[in-house]
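Trainee: The following block contains a protein sequence and its predicted model.
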Amino acid sequence: MAEAKGTYQVHQFDILALLAARNQHEDLKGEQIREFEAKSSEFFAYIGELNDGRRLIVKIKSSVSEDEIYEDFGKIYRKYKILNRRQVGDHFFKQTEDLVNMLCDDFGAKVRADDQRSI
């Protein structure tokens, strides 16, 4: 049986693994990945501070449709982009523009993991 050779990095969010593969040809440095992960974490913390974000968290924990969750997350993402583009920088938004649902999935996984830890 053939074995894959090389080193593999595990990231906190699935979107980071996809971005690492997508940017492999551009020789994306680990520092950029860590920066992106930090910006994702800051965005997720921002969501928790909003009334709409707390409602989204309740929806994620309940049996609300995935489409409704994606729609609410997208609204929060767009608001964050408008309010924080200068501070966060264009790179984060360019990388996530077509991956908002995947970013939402990562946020949902974080919410569920945080919920499990609090039990």
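Mentor: Received it, and whenever you're ready, just let me know what you need. Numbering: from 1, shown residues only.
Trainee: got the buried residues for stretch 78-97?
Mentor: Buried residues in stretch 78-97, counted by 16 or more other C-beta atoms under 10 Å: 80, 81, 84, 88, 92, 95, 96. Backbone N, C-alpha and C define where each C-beta goes, glycine included.
Trainee: Could you provide those in TSV, with additional columns for secondary structure?
Mentor: Formatted as TSV, the entries for the buried residues of stretch 78-97 read as follows, by DSSP: H, G, I helix; E, B strand; the rest coil:
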residue	secondary structure
80	helix
81	helix
84	helix
88	helix
92	helix
95	helix
96	helix
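Trainee: worst-scoring helix or strand of this structure, pLDDT-wise?
Mentor: Across the helices and strands of the chain, mean confidence by mean pLDDT, DSSP states H and E is lowest for helix 14-22: a mean of 78.
Trainee: re the thing from before, what's the closest of the buried residues of stretch 78-97 to residue 30?
Mentor: Within the buried residues of stretch 78-97, proximity to residue 30 (C-beta to C-beta) peaks at residue 95, which comes in at 15.3 Å.
Trainee: Helices along the protein, start to end?
Mentor: Ranges of helices in the chain, per DSSP state H, are 14-22, 30-49, 51-61, 66-88, 90-96, 100-117.
Trainee: Residues contacting the second one, please?
Mentor: If I follow you right, that is helix 30-49. The set of residues external to helix 30-49 that reach it, using C-beta atoms under 8 Å, 6 or more residues apart in numbering, is 9, 11-13, 15-16, 19-20, 53-54, 56-57, 76-77, 80, 84, 88-89, 91-92, 95, 103, 106-107, 110.
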